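>>> Predicted coordinates and the sequence they were generated for:
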Amino acid sequence: YTVLNFIPKNFLEQMRRVANVYFVFIVILQCFPAVSNYSPILAAAPIVAIMLVTAIKDAIEDWKRHKQDNEVN
């Protein structure tokens with residue numbers, strides 16, 4: 001990862017999980033008034049929070065791995 005491509009690569013990596021794809025699909029459906037029974041922002045909050053925490057965890061792990069690689073080399 002680099003700083004510029006971390007977010008798109010991390011997003012694509014998280015979309016490999018079926019549960020994340022399902023919840024993003026539900027959020028997209030909530031954007032249509034005929035299907036929605038509450039705010040799309042309210043529907044998006046849980047999946048955004050989960051993906052944000054996972055991205056932060058991945059970033060910390062990658063940073064530690066990079067630091068460890070520099071120490072070994």
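Here it is on my side, so go on. Numbering: from 1, shown residues only.
>>> separation between the spatially most central residue of the chain and A19?
The chain has M51 as the residue nearest its centroid, 3.1 Å off, counting by C-alpha atoms, centre = their mean. Per C-beta to C-beta, to the nearest Å, M51 is found 11 Å from A19. Placement of C-beta: from N, CA and C, glycine included.
>>> Quickly list what's touching both of the two.
Residues touching both M51 and A19 (C-beta atoms under 8 Å, 6 or more residues apart in numbering): there are none.
>>> Verify the contact between the residue nearest to the centre of the chain and N20 for me.
Yes. Contact criterion C-beta atoms under 8 Å: M51 and N20 qualify, at 6.8 Å.
>>> Pull up the overlap in contacts between the two.
Common contacts of M51 and N20, defined by C-beta under 8 Å, 6+ apart, comprise Q14.
>>> Check which residues of whatever helix or strand L29 lives in are buried.
Take DSSP states H and E as the rule and L29 turns out to sit in helix 18-30. Within helix 18-30, the residues that qualify as buried by neighbour count (16 or more other C-beta atoms under 10 Å) are 20, 23-24, 27, 30.
>>> Can you lay out those as TSV showing distance to K57?
Below are the buried residues of helix 18-30 laid out as TSV (distance: C-beta to C-beta, whole Å):
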residue	distance to K57
N20	14
F23	18
V24	19
V27	21
Q30	26
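>>> what's E13 in contact with, if anything?
By C-beta under 8 Å, 6+ apart, the neighbours of E13 are D58.
>>> Rounded mean pLDDT for the longest helix anywhere in the chain, please.
Secondary structure of the chain per DSSP state H: the longest helix is helix 40-72. Averaged across helix 40-72, pLDDT comes to 91.
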